[in-house]
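Novice: sequence first, then the predicted structure, then my questions.
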Amino acid sequence: MSQKRVVIVGGVAGGASAAARLRRLDESAEIAIIEQGPFISFANCGLPYHIGGVIPDEADLTLQTPESFRARFAVDVRILQKVVSIDRMEKCVSVHNLQTDEIYSICYDELILSMGASPALPPISGCTAEGVFTLRSIPDTRRILGYLETHQVRSAVVVGGGFIGLEVCENLANRGISITLAELSGQVMPPLDPEMACQVHSHLRRKGVDLRLNTGIQAIQKENGTLNVTLGSETLKTDLVVLAAGVRPDTALAKEAGLRLNDRGAICVDTRMLTSDPSIYAVGDAVEIQNFVTGQADYIPLAGPANKQGRIAADQICGIDSRYTGTQGSSIAKVFELNVASTGISEKVAKRLGIAYDTVYTFPANHATYYPGATAMSLKLLFTRPEGKLLGAQLIGGEGVDKRCDVLATAIRAGMTVFDLTELELCYAPPFGSAKDPVNMAGYVAENLLTGKVKQIRFDQIESLPRDGSVQLLDVRTEGEFARGTIPGFWNLPLDSIRDSLNKLDKDKPVYVTCQVGLRGYLAARILMQHGFDVCNLSGGYRLWNSVFGQI
């Protein structure tokens, strides 16, 4: 293997993974990492938890130091040095040493760009005021912690309801700080569909977060030591602001070098992670990827894919034809006591792309209900119709959410259908699951729908049902449950009384049934269908409808 020089721009997830893989494959290669920050290979996903004291030692966030990386992998690690230009003809990069102010050049045979992404700042005044922060790096964390230690911070405004924004909310709240969360759109957690996000909204409010949806930030002004933050038509006084309104690919270097970018500014790469220049690769949050589910170009910045892409670029440089098969967006966040996970595409995306799909909702327990501590999770499954191929899943709950989402993510990657979910043999013991695992149950519910054993109506179609007596609206819960709240226009006929009450129903009028979560409604539908009634069951039952339109 001939000796080659590989220069890597950026030393966090993708860049560090590429360097380590390169060395494992080629002991003779000259490898240099050029990183503009003071750290490489650090866990930026752990930064909010360091602020909250969950991870008390900053050193735990650094997986490798420049010194340990040099010692283990024989890589020339250059921190606090910034690549300012690429000469593609000469195959050299110009580097600005931020400590000495020196400008020098280093040439390459192969170049890997792993610059990541930068916080997206709103186009307003005051973003650089004292007490206003973003969170993307360890120095950002130090600045926030330093401010918290030197100022009396009783309140904070967090702008943005994505992963970082929600994690910052939780960790600042755990420090006793009163939180206002402003989100420009109508929901937090963009990967979720709105009706699932409603459950997160309710939980945030129960935890004391002042949640402002459909609210943009107009201005920030520092006055007499206090930050005046204009949100919509209101100005709040607060002690701290964290801007977490998403990220944008950090690709100015690539643009100036003439590499092909997409409309969003992400670097276009092929499945080998190769850019429009045959000697330059790009990986991580700076690149456009192919969505695994849709097959279309997309931008999904996540740590797992960045690490995989770094490995693939290294393989290609060393003559191994690895290929990146796409990102499906598997992710999870801790929002106080809730675990919120998703994989694949959402219903919003399916609608936009015109995919023929259907959905089911289930609310299974995380383990056997007779074993102490069982809690329910919310599960939404998205699949093609009529084939039943899995498209996506969203889960919200406590313990066990991550396990079920991982199983569903694997099933999507394997091209499985809802019918296949019913066949999965998953681990069972009372402390861990049920004989019919939540993944199996979601498959059974979808199978019943696709095979015509039940018809369903969605939570967002209930309002359009006539209340003039031309249809029959039944709530089959117990009388006590019904008395605590029901959907307007529904009347109570408990499930166990249905067979004795068939003469009260009109076979010439359609029947719509609901229960708490959909299971008893399905049972009622099966009884009525076999007695000649035309029946639809409310998917997700009263619980889902109430989470969107009422109060949980």
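Specialist: In hand now; what should we look at? Here the structure is a predicted model, which means the values were calculated and not measured. Numbers count the residues shown, from 1 in each chain.

Novice: which residue is nearest the centroid of this structure?
Specialist: residue 331 (4.3 Å; Cα atoms, centre = their mean).

Novice: so residue 441, which of the three states?
Specialist: Taking DSSP: H, G, I helix; E, B strand; the rest coil as the rule, one finds residue 441 in the helix state.

Novice: what about it, distance to residue 15?
Specialist: From residue 441 over to residue 15 the distance is 42 Å, taken as Cβ to Cβ, to the nearest Å. C-beta here means a position set from N, CA and C on the backbone, and glycine is covered the same way.

Novice: residue 317 now?
Specialist: Residue 317 is 13 Å from residue 15, by Cβ to Cβ.

Novice: joint contacts of the two?
Specialist: Common contact partners of residue 317 and residue 15 (Cβ atoms under 8 Å, 6 or more residues apart in numbering): residue 112.

Novice: if we can go back for a sec, could you give the bridge partners of the residue nearest to the centre of the chain?
Specialist: residue 342 (DSSP bridges).

Novice: again with the one 4 residues further on
Specialist: Here residue 335 sits in beta bridges with residue 338, as judged by DSSP bridges.

Novice: I'd say it and residue 199 touch.
Specialist: No. Counting by Cβ atoms under 8 Å, residue 335 does not reach residue 199; the two are 9.9 Å apart.

Novice: and residue 311, what helix or strand is that in?
Specialist: helix 303-317 (DSSP states H and E).

Novice: no wait, residue 170
Specialist: helix 163-173.

Novice: might you list the low-confidence residue ranges for the stretch 101-250 of the chain?
Specialist: In the prediction, the stretch 101-250 of the chain carries no residues with pLDDT under 70.

Novice: which parts of it are strands?
Specialist: For the stretch 101-250 of the chain, the strands defined by DSSP state E, counting those that start in this stretch occupy 103-107, 110-113, 117-119, 132-133, 155-159, 178-182, 210-212, 217-223, 226-231, 234-238, 240-243, 247-249.

Novice: what sits up against the longest one?
Specialist: With contact meaning Cβ under 8 Å, 6+ apart, strand 217-223 is reached by 122, 124-127, 129-132, 157, 159, 182, 227-232, 241.

Novice: just the buried residues out of those, in ChimeraX syntax.
Specialist: Restricted to buried positions by 16 or more other Cβ atoms under 10 Å, the ChimeraX selection for the contacts of strand 217-223 reads:
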select :122,126,127,131,132,157,159,182,227,228,229,230,231,241
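
Novice: could you check how many residues crowd around residue 104?
Specialist: As a burial measure, residue 104 scores 12 neighbours (other Cβ atoms under 10 Å).

Novice: bridged to it, which residues?
Specialist: Here residue 104, judged by DSSP bridges, has bridge partners residue 95.

Novice: tell me the contacts of it?
Specialist: When contacts are counted by Cβ under 8 Å, 6+ apart, residue 104 touches 94-95, 97.

Novice: tell me the buried residues within those residues.
Specialist: The buried subset of these - by 16+ other Cβ under 10 Å - is residue 95.

Novice: surely residue 242 touches residue 166?
Specialist: No. The pair residue 242 / residue 166 is not scored as a contact, 11.3 Å apart, by Cβ under 8 Å.

Novice: name the nearest residue to residue 191, ignoring sequence neighbours.
Specialist: residue 342 (4.4 Å; Cβ to Cβ, 6 or more residues apart in numbering).

Novice: ok, residue 336 next?
Specialist: residue 207 (4.9 Å).

Novice: tell me how far the one you found lies from residue 169.
Specialist: 9 Å.

Novice: repeat for residue 127
Specialist: Note on residue 127: its distance to residue 169, by Cβ to Cβ, is 19 Å.

Novice: one more: residue 265?
Specialist: Counting by Cβ to Cβ - residue 265 and residue 169 are separated by 28 Å.

Novice: who's more crowded, these two?
Specialist: Set residue 265 next to residue 169 and count neighbours by other Cβ under 10 Å: residue 169 wins out with 28 against 17.

Novice: picking that back up, the residue nearest to residue 191 against residue 192, yeah?
Specialist: Yes. Residue 342 lies in contact with residue 192 (Cβ under 8 Å); the separation is 6.2 Å.

Novice: overlap in contacts, those two.
Specialist: Residues touching both residue 342 and residue 192 (Cβ under 8 Å, 6+ apart) are residue 394.

Novice: of these two, give the one with the bigger neighbour count.
Specialist: Taking neighbours as other Cβ under 10 Å, residue 342 and residue 192 compare with residue 342 leading, 27 against 23.

Novice: would you mind measuring from the more buried one to residue 261?
Specialist: Applying Cβ to Cβ, the value for residue 342 to residue 261 is 27 Å.

Novice: cool, and residue 371?
Specialist: From residue 371 to residue 261 the distance is 53 Å (Cβ to Cβ).

Novice: the more surrounded of these two?
Specialist: With neighbours defined as other Cβ under 10 Å, residue 371 and residue 261 compare such that residue 261 has more, 19 against 15.

Novice: correct me, but the more buried one touches residue 268?
Specialist: Yes. Assessed by Cβ under 8 Å, residue 261 is found in contact with residue 268 at 6.4 Å.

Novice: show the contacting residues for the residue nearest to residue 336.
Specialist: Taking Cβ under 8 Å, 6+ apart, we find residue 207 in contact with 170, 173, 336.
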